[in-house]
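**Student:** the following comprises the amino acid sequence and a computationally predicted model.
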Amino acid sequence: MNARQYRSLHYRNDPHLSEVLDKLDGSSIDMEFIQQEMRADLAGFTEKPPVYGLTTEQIPTQNGKSAHHQNGVSNWVNGNGHPPVTVDEDSDSDFILDTHLENLPHREPVDIEFKDLSLTVNLGFRKGDKEILHNVNGKFPGSQLIAIMGPSGAGKSTLLDALSGFKTTGVDGAILLNGRRRDLPTFRRMSCYITQDDRLNPLLTVMENMTIAAKLKLGPNVPYEEKATRIEGILLMLGLYNHCDTLAKRLSGGQKKRLSIALELLNNPTVMFLDEPTTGLDSHSCNKVIELLKKLATQGRTIICTIHQPTARLFEQFDQVYVLSSGNCMYQGATTKLVPFLQSVDLSCPMYHNPADYIIELACGEYGFDKCDTLKTATSNGSSWVWFSDNAKLYKAERLMKMHPIQRKTKQKSLNDTSFGNQMSCLMERGIIKIKRDTTLTHLRVIVNVLVAIMLGSLYVGAGNEGSRVLDNYNLLFAILIHHSMTTMMLTVLTFPTEMNLLLKEHFNRWYSLKAYFTSLTILDIPITVFSCFIFSAIIYVWTAQPLEWYRFFMFFAISLLIVLVGQGMGLMIGAWFDVVNGTFLAPVSTIPMMMFAGFGVTLRDLPDYLKWGSYVSYLRYGLEGFVGAIYGVGRETLECEEALYCHYKYPHKFLSEITMSGDMFWYDVIALSATAILLRIGAFITLKAKIKAVK
Ligand SMILES: Nc1ncnc2c1ncn2[C@@H]1O[C@H](COP(=O)(O)OP(=O)(O)OP(=O)(O)O)[C@@H](O)[C@H]1O
C-alpha cells in the first residue's frame, strides 16, 4: 500500500497526516512508519487543545451593543436605524463563526446528572413491558458539547427523550440539575429540543419563521429593535442571512437544520437537546453544524446531541461522549480520553481506526458481547467519572448550586413565556400567511368546490323547479351532502398529521399553548370555509334552478356550512390521533353508518326499531332533513311540470310524506348539527391533548 492509497482509505480529512503522506506520495512505504505516524497522530488527537471557542473576555455580555463581522459582513451595528447588515452575496452557506454572538448572552452553566435511569415502554395489551434503558448513570457538565453515541437501537434517542423531559412515562431514576432534583416545568423553561426531522413552517420564509418565533417566544415586552437585532445576529451566525426571503420548504437539508437551531436560539436556552443534528447532511455541513454547536456550548450552554458514527474530525469536536449499547453505558468521558480508556481495558483501538468507529463496533458486539460487559463494568454503567477531561475541575454539586442556583418549583402555571393573547395574535398572523400560500388547503379547496358545483350543476340543471325531477333533485341534495362532509374531512385527515408534528415540537418547546393553537386554527378556518361553501352553494343553487327565495337559499347555505364544520371536526379528530394511512381508511369507513341512517336509501319510517337510534346520531340525517326542508318545506308552492305529462311529486307535501320528512324541522336540524360540530371540535381538542400526553 502506498501513501495515497492509505490516505484515501483512512485519514482523508486529516490535514496533519495528509501533510506527512504528501511527502511520501507515490512511494511504497513501510507499515512501521505509518504506525509511528498514526501513534503520533492519535497522541495529538488526544492532546489537542480546543480549536474553537471564545476566551472569557470574548464572551459577549447581555449588555454588549456592538458587533463587527468579517468574512464578507461589515458594518453591522446593533439597534434600529443603523446601517443594515450587508452580506457577501457569493458566500452562500458559510457560517460566520467569528461573530461575537452578542445577541445570545452568556448562560450560567447547568450540569445534568442522572442516576439509575431506566425507561420502560408498554408494548401493548397483554404484551408486557420492555426496558430500554437499564439503570444508566451519567454526568453532562455545563458549557460542553456532548455526543450520545451508539449503534442503532442502543437507546440514544430514548436517553435524549428522558433527559429532555420529552418522555416522562416509564422513566425511573433521578435526574439532577446542578445537583438538585430536576423540576420538569422549570427545566423545560431553560431547555429546548430539536428533533431529527426538521419541523418548520414550509410556507413561511426564513425571516417570517424567525419573526413569528421571536414574537411567540419573546413577547411584546421585548422591544422590536431587540428582536430584530437578535434575529439578525442569529441568522448571520448560522449563515442564513442570505436566505432570509427563501421559503423554508426550499432550503437545503443543512439550511433547514440550521433554521431549526436558529428558531430555538431566539430565547437563548441553557440546555439544548438535538436528535441526530447531522443526519442527512454532507460532511461539510456536518462539520459546520457541529462547529456551531461547539461555539454555542462555549457560551455556557449544555449541548447534548445524539450522533451516528461521526468521522474522526467530527468526533474530536465534541468535549464529551456518552456511548450506549442495548441501553447500557459503554463509555462516558472526554473524547480525548477514549483511546487511553480503551487501552486501560485491554481493548486498544487498532492503529488505523477512528476511535469513534471502534467503540461503536465494540458496542455492536462485533468483537464479542463479553466486550460490552467489560466496558459496562469499566464505566460502572456510567457512574465512573475517571475519564472526564478535567476530573479535578468537576464542580461539586453544592458549589455549583451556590454559584448558579436553579429555581426550585415555580408558582407560574403556564409553561409559555408569553400571554394567551400574544400567542393568538402570532398564530393568527402566521396562519394568514399560510392560508394565502397554501395550495392544498386554500387554493385547491376553492377550486374543488367550484369544479364540483359545475359538475353537479350541469348534471342536474333545472332539477329544482321541475315536478317530474323531484327524485333527481333529492339525489342531488344527498350528493351535495356527501361532497361537503367528505371533501373537508379527507382534506383535514390528509393534511393535519403533518401539522401535528410541528405542533408537537413547538408545543413541547413552549412556543404556545394547545388552547391558543386550537382556537387560532378554528378561527382561521372560518373565512375560507364560508367562502368556498358560499361559492359552491351559489353556483349549484342557481344552476339547478332551486327556488329563488333568499330565505331558502340561506337555509340551504346554513345547512351546507354546518355539514362542512361537522366534516372538519371529524377530520380533526381522526387526523389528530391517526396517521395518514389509517386516517384515510377510517374517515370514509366512519361515514358509512352515517349514510345508512341518513334516511336516504331506507326512509326513517322503514328503519327497524332496534336501529332507530342510529338516525339520531347521524349528522347526515340532519343535513338531509335540513336541505329537504329548505327546498321543499316552509310552504313550498306547487312545482312546475314542463318536462313530463305526469308529475308524481308536483305537490311538495306529497314528496315529503313519502320520504317521511315534515319539512319544518329546519331549526331542530340546525341545533343538532351545531351541537355535533361543537362536540366534535371539543372531541378533537381532547384527542389532541391526549395525543400530546401519549407521546410522552
Ligand atoms: N415505544 C416503544 N415501544 C417499543 N420499543 C421501543 C419504543 N421506543 C423505543 N423502542 C425500542 O427501544 C430501542 C431504542 O430505541 P431508540 O430510538 O432510542 O434507539 P436509537 O439508539 O436512537 O436508534 P437509532 O440510532 O436507530 O435512531 C429500540 O430497539 C426500539 O425499537
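**Tutor:** Perfect, I can see it now. Since we're looking at a predicted model, the values are computed, not measured.
**Student:** quick one: Asn178 from Thr591, how far?
**Tutor:** From Asn178 over to Thr591 the distance is 55 Å, taken as Cβ to Cβ, to the nearest Å. Just so you know, the C-beta spots here come from the backbone N, C-alpha and C atoms, and that holds for glycine as well.
**Student:** whoops, Ala677 was the one
**Tutor:** Distance, Ala677 to Thr591, by Cβ to Cβ: 15 Å.
**Student:** OK, contacts around Thr311?
**Tutor:** Residues touching Thr311, when contacts are defined by Cβ atoms under 8 Å, 6 or more residues apart in numbering, comprise 13, 283, 286, 354, 356.
**Student:** closest one to the ligand out of these, please.
**Tutor:** For the ligand, the nearest member of those is Ala356. The distance, counting by Cβ to the nearest ligand atom, is 14.2 Å.
**Student:** sec struct for Ser118, please.
**Tutor:** The three-state assignment at Ser118 reads strand, by DSSP: H, G, I helix; E, B strand; the rest coil.
**Student:** same thing with Trp613?
**Tutor:** helix.
**Student:** and the strands in the stretch 101-250 of the chain?
**Tutor:** Defined through DSSP state E, counting those that start in this stretch, the strands belonging to the stretch 101-250 of the chain, from first to last, are 112-122, 129-140, 145-149, 171-177, 180-181, 191-194.
**Student:** highest average neighbour count across these?
**Tutor:** Mean neighbour counts were taken over these using mean count of other Cβ atoms under 10 Å, and the top value, a mean of 26, falls to strand 145-149.
**Student:** please name the strands paired to that strand in the sheet, noting orientation.
**Tutor:** On the basis of DSSP bridges, the sheet neighbours of strand 145-149 come out as strand 302-307 (parallel), strand 320-325 (parallel).
**Student:** will you turn those strands into JSON lines that also has mean neighbour count, distance to Gly368 and mean pLDDT?
**Tutor:** Below are the strands paired with strand 145-149 laid out as JSON lines (neighbours: other Cβ atoms under 10 Å; distance: least, Cβ to Cβ, whole Å; pLDDT from 0 to 100):
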{"stretch": "strand 302-307", "mean neighbour count": "26", "distance to Gly368": "25", "mean pLDDT": "92"}
{"stretch": "strand 320-325", "mean neighbour count": "25", "distance to Gly368": "12", "mean pLDDT": "93"}
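**Student:** mind putting the ones you listed in a markdown table, distance to Leu292 included?
**Tutor:** Written out in a markdown table, the entries for those read as follows (distance: least, Cβ to Cβ, whole Å):
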| stretch | distance to Leu292 |
| --- | --- |
| strand 302-307 | 10 |
| strand 320-325 | 18 |
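**Student:** neighbour count, pLDDT and distance to Thr418 added to the contacts of Thr311, as CSV?
**Tutor:** As requested, the contacts of Thr311 are exported to CSV (neighbours: other Cβ atoms under 10 Å; pLDDT from 0 to 100; distance: Cβ to Cβ, whole Å):
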residue, neighbour count, pLDDT, distance to Thr418
Asn13, 14, 42, 44
Ser283, 13, 79, 39
Cys286, 22, 83, 34
Asn354, 20, 86, 46
Ala356, 25, 89, 41
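**Student:** let's have the residues you listed in CSV, adding secondary structure and distance to Thr195.
**Tutor:** Shown next, in CSV, are those (DSSP: H, G, I helix; E, B strand; the rest coil; distance: Cβ to Cβ, whole Å):
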residue, secondary structure, distance to Thr195
Asn13, coil, 28
Ser283, helix, 22
Cys286, helix, 17
Asn354, coil, 27
Ala356, helix, 23
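**Student:** how about these in JSON lines, adding distance to the ligand?
**Tutor:** Output for those, formatted as JSON lines (distance: Cβ to the nearest ligand atom, whole Å):
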{"residue": "Asn13", "distance to the ligand": "23"}
{"residue": "Ser283", "distance to the ligand": "19"}
{"residue": "Cys286", "distance to the ligand": "16"}
{"residue": "Asn354", "distance to the ligand": "18"}
{"residue": "Ala356", "distance to the ligand": "14"}
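**Student:** so what pairs up with Ser191 in the strands?
**Tutor:** Counting by DSSP bridges, the residues bridging with Ser191 are Val271.
**Student:** follow-up on the earlier one: do you know which of the strands paired with strand 145-149 lies nearest Lys139?
**Tutor:** Set against Lys139 and scored by Cβ to Cβ, the strands paired with strand 145-149 come closest in strand 320-325, at 9.0 Å.
**Student:** angle of the closest one against strand 129-140?
**Tutor:** Relative orientation of strand 320-325 versus strand 129-140 (axes from the mean of the first three to the mean of the last three Cα atoms, to 10 degrees): 160 degrees.
**Student:** centre of the chain to strand 320-325, how far?
**Tutor:** Once both centres are worked out by Cα atoms, centre = their mean, to the nearest Å, strand 320-325 turns out to sit 26 Å from its chain's centre.
**Student:** other residues contacting it?
**Tutor:** Contacts with strand 320-325, where a contact means Cβ under 8 Å, 6+ apart, come from 136, 138, 140-141, 144-151, 154-156, 159, 315, 329-335, 338, 356, 359-360, 362-365, 372, 375-376, 382, 388-389.
**Student:** let's see that with 6 Å instead.
**Tutor:** 138, 144, 146-150, 154-156, 330-332, 334-335, 359, 363, 372 (Cβ atoms under 6 Å, 6 or more residues apart in numbering).
**Student:** what do you get for stretch 686-696?
**Tutor:** With Cβ under 6 Å, 6+ apart, stretch 686-696 has contacts from 167-169, 573, 576-577.
**Student:** what does stretch 461-468 give?
**Tutor:** With Cβ under 6 Å, 6+ apart as the test, stretch 461-468 has contacts from 469, 472-473, 544-546, 639-641, 643-644, 647, 649-650.
**Student:** do you know how far Asp370 is from Ala154?
**Tutor:** Counting by Cβ to Cβ - Asp370 and Ala154 are separated by 17 Å.
**Student:** pick out whichever of the two has more residues nearby.
**Tutor:** Relative neighbour count places Ala154 above the other of Asp370 and Ala154, with 24 against 9, counting by other Cβ atoms under 10 Å.
**Student:** ok, for the more buried one, nearest residue in space, not its chain neighbours?
**Tutor:** Leu324 (4.2 Å; Cβ to Cβ, 6 or more residues apart in numbering).
**Student:** likewise Asn509?
**Tutor:** Using Cβ to Cβ, 6+ apart and skipping the chain neighbours, the partner closest in space to Asn509 is Cys192 (5.1 Å).
**Student:** so which bits of the chain are right by the ligand?
**Tutor:** Listed as neighbours of the ligand in the chain under the rule Cβ under 6 Å from any ligand atom: 121, 123, 130, 132, 150, 152-158, 306, 308.
**Student:** looking at these, which is nearest Leu504?
**Tutor:** Of all the residues of the chain next to the ligand, Ser157 has the smallest distance to Leu504: 14.4 Å, by Cβ to Cβ.
**Student:** OK, contacts around that closest one?
**Tutor:** With Cβ under 6 Å, 6+ apart, Ser157 has these contacts: 275, 306.
**Student:** helix/strand/coil for the residue nearest to the spatial centre of the chain?
**Tutor:** The geometric centre of the chain, computed from its C-alpha atoms, lies nearest to Leu502 (Cα atoms, centre = their mean), at 3.0 Å. With three-state DSSP as the basis, Leu502 sits in helix.
**Student:** how about the stretch 401-550 of the chain: which residue is closest to the ligand?
**Tutor:** Of the residues in the stretch 401-550 of the chain, the one nearest the ligand is Leu504, at a distance of 15.0 Å by Cβ to the nearest ligand atom.
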